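Novice: Turn this into a structure:
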Amino acid sequence: MKYTGAIASLIAAVLAAAHAAEDAAPISRHVRGPDGAKGAGQDRRLSSKKSKAGKANSKGKSGKAAGPCNGQGTYFPEESQVLGMYDLAPQCNCFGCYAGDHCEEEMDMATCVIHADDAELPLTTEDGILVAKKIEFSNHYRAIYQPFRNIPTSEEAAMDTNKWILYAMRETLTKLHAEVGNAKTDGYRLVVGLGAHQMLQAANFAHAKLIQEDEEDVHAVTTIYSENGYWSKFPKLAQAFAPSQAWANKEEAEAAEENESLIQLVVSPSNPLNVLAEDQEPLIAPKERQVWDLVYYWPSCFAEKERIVPLEEAVMIFSSSKLAGYAGHRFGWAWVEDDNVADKMEEFIGVTTQAYPAAEMLYNTVILEDILASIGTDNDFFVRVQEELMSRCLEMEAVFEAGGNKYRNLSPCGNMYMQVQCPGDEDDECKPVFDAIGLEVTAGTDDGLLANQVRIAFGYERAWYNKIVEKLEML
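Specialist: Numbers count the residues shown, from 1 in each chain. The predicted structure is shown next:
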């Protein structure tokens, strides 16, 4: 990494002091690349009983090596580290409508079930978009409590070798936003937590606490609102903290704003309608009481790249789940303008999970560095993901067209989901139609929309997505 300006001088000074110390310990990074080449440090090798899945390396329908599960399931050899003690070994976890030791069998489409109800993006793990690599660390890695609740500025982190990982993480995020042009970060506090889920909870908590302090009333209720067409968990996030927080419809939100007790969650682009905030209804709460959920605000998930501009909102939340497809590794971050709000958000992190996990901090920073390094190359992460999502959406629309346009996509193509309108009246339930063909989708009413609509998610691996298309052809 290249350093410039004052930070370069700070790091140089710290390095000089470290090298002068007789007991200075080397900093090593253990990473095995996709070609098997070892990085610095000792290679840790594990032996265990091999599963049947581990012996296969067949080719999928594309003709490319698809691993032990034929590209039709997942296989995690890392889990041999814990399974071996019980004489177990990793096996293939087949996608819906596939079966067999190596997921080589295609099940009867009339009876099998495929899920399309989670907005996930594991397609990034295929076709070299994010090249497979090992991210290794010792079982002694940062064993004690870590100061990952308060994220220092780059200048502050550069002065403390124990916080260089925070320096790398913050610099990577800052540069990523600058390269993409979706958020301004100068002058903002950075808060990290277990996904956008925890960041949203932290932001709601922070505002609720500040409202109670302003009103000098510990029983004051904060109203949480988001325009219809929201993530189905939004109401649950508020209801979990009742009675101090309450979920509201539009009329209730407008009434709460008269008392300045409203927090508005702004999702841009929206899930599931995929429209930017400027194309949604006018906002009710003022800027200082808005929380912007921007997990899809990347050129990989929104086709009109020229409309993605650097935002300067009071709270801006992002996640590696929707950016990179790593939902299982729970990394979310928020750029927070007001110090009081940032302090309360950090307080929430502290009382719920103490701080962010050390191993996951390293893991997610490596993923983000890979994405940053890809920009402008032939394997530009944002270009490749958008091309794949766009082509899938258009293919699904073609299926609807071939079926006589009885079903209609309501969302602009480009994201990892679409909102589909079914035939019939607004009150006619659409989800049972998809249940009948074995395709699990999200009911429109779960997202505050109409019963004759459903959301179909399709950011999955290619073989999984192919089965979604086959199911749609059964409508």
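
Novice: Would you map the helices across the stretch 1-150 of the chain?
Specialist: Assigned by DSSP state H, counting those that start in this stretch, the helices in the stretch 1-150 of the chain fall at 5-20, 80-83.

Novice: which of these has the lowest average pLDDT?
Specialist: Lowest mean pLDDT of the helices of the stretch 1-150 of the chain: helix 5-20, a mean of 55.

Novice: quick one: Arg384 and Ile129 touch, right?
Specialist: Yes. Here Arg384 reaches Ile129: they are 5.2 Å apart, a contact under CB atoms under 8 Å. Backbone N, C-alpha and C define where each C-beta goes, glycine included.

Novice: what about those two, which has more around it?
Specialist: With neighbours defined as other CB atoms under 10 Å, Arg384 and Ile129 compare such that Ile129 has more, 22 against 19.

Novice: Tell me if I'm right that the more buried one and Val383 touch.
Specialist: No. Taking CB under 8 Å as the definition, Ile129 is not a contact partner of Val383, at 10.0 Å.

Novice: how about the residue nearest the centre of the chain, what does it touch?
Specialist: Centroid-nearest residue in the chain, with CA atoms, centre = their mean: Ser321, separated by 1.6 Å. By CB atoms under 8 Å, 6 or more residues apart in numbering, the contact list for Ser321 reads 120-121, 195-196, 295, 327, 330-332.

Novice: Dihedrals phi and psi, it?
Specialist: Ser321 adopts backbone torsions of phi -60, psi -50, taken as degrees, to the nearest 10.

Novice: Let me know the pLDDT of it.
Specialist: Ser321 is assigned a predicted lDDT (pLDDT) of 93.

Novice: host element of Leu265?
Specialist: For Leu265, the host element (DSSP states H and E) is strand 262-267.

Novice: Listing partners with orientation, what would you give for the helix or strand that that strand is followed by?
Specialist: For strand 262-267, the succeeding helix or strand toward the C-terminus, using DSSP H and E, is strand 290-293. As defined by DSSP bridges, the strand partners of strand 290-293 come to strand 262-267 (parallel), strand 315-319 (parallel).

Novice: Kindly export strand 290-293 (C-alpha atoms) in PDB.
Specialist: Extracted as PDB, the C-alpha positions of strand 290-293 are listed here (Å, rounded to 0.1, in the frame of the first residue of the first chain):
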ATOM      1  CA  GLN A 290     -32.900  10.200   8.800                       C
ATOM      2  CA  VAL A 291     -31.100   6.900   8.600                       C
ATOM      3  CA  TRP A 292     -30.000   5.900   5.100                       C
ATOM      4  CA  ASP A 293     -29.800   2.200   4.300                       C
END
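
Novice: mind listing what's buried in it?
Specialist: For strand 290-293, the neighbour count (16 or more other CB atoms under 10 Å) marks 290-293 as buried.

Novice: ok, now stretch 207-214?
Specialist: 207-212.

Novice: Could you report the distance from the closest residue to Trp231 other than its chain neighbours to Leu449?
Specialist: Counting by CB to CB, 6 or more residues apart in numbering, Trp231 lies nearest to Asn271, which is 5.5 Å off, once chain neighbours are set aside. Plainly put, Asn271 is 11 Å away from Leu449 if you go by CB to CB, to the nearest Å.

Novice: And for Asp127?
Specialist: Counting by CB to CB, the gap from Asp127 to Leu449 is 33 Å.

Novice: Isn't Gly187 up against Glu337?
Specialist: Yes. The criterion here is CB under 8 Å, and Gly187 meets it with Glu337 at 7.4 Å.

Novice: The two: who's more crowded?
Specialist: Applying other CB under 10 Å to Gly187 and Glu337 shows that Glu337 carries more neighbours, namely 17 against 8.

Novice: The more buried one touches Val191, doesn't it?
Specialist: No. Here Glu337 does not reach Val191: they are 11.6 Å apart, not a contact under CB under 8 Å.

Novice: Show only the entries of the buried residues of stretch 207-214 found in helices.
Specialist: With DSSP state H as the criterion, helices contain 207-212 from among the buried residues of stretch 207-214.

Novice: Quick one: low-confidence residue ranges for this protein.
Specialist: For the chain, the stretches with pLDDT under 70 are 1-66.

Novice: where along the stretch 351-475 of the chain do the helices fall?
Specialist: Under DSSP H, counting those that start in this stretch, the stretch 351-475 of the chain gives helices at 358-374, 381-402, 431-436, 462-472.

Novice: which stretches of the stretch 101-250 of the chain form strands?
Specialist: Using DSSP state E, counting those that start in this stretch, the strands of the stretch 101-250 of the chain run over residues 105-106, 114-115, 134-136, 189-193, 222-225, 245-247.

Novice: which residues are contacting the longest one?
Specialist: Spelled out, that is strand 189-193. By CB under 8 Å, 6+ apart, strand 189-193 touches 148, 151, 169-170, 173, 199, 202, 331-337, 339, 342, 345-346, 349, 353, 356, 361.

Novice: again with the last one
Specialist: Counting by CB under 8 Å, 6+ apart, strand 245-247 makes contact with 204, 208, 221-225, 234-235, 238-239, all of which sit outside it.

Novice: Could you turn the buried ones of these into a ChimeraX selection?
Specialist: To isolate the buried members of the contacts of strand 245-247 in ChimeraX, using 16+ other CB under 10 Å:
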select :204,208,221,222,223,224,225,234,235,238
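
Novice: is it possible to export the contacts of strand 245-247 to TSV including distance to Ala183?
Specialist: Below are these laid out as TSV (distance: CB to CB, whole Å):
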residue	distance to Ala183
Asn204	20
Ala208	24
Val221	31
Thr222	25
Thr223	26
Ile224	23
Tyr225	23
Phe234	21
Pro235	27
Ala238	25
Gln239	29
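
Novice: right, and the pair among the contacts of strand 245-247 with maximum separation?
Specialist: Within those, Val221 and Phe234 form the most distant pair, 16.9 Å apart (CB to CB).
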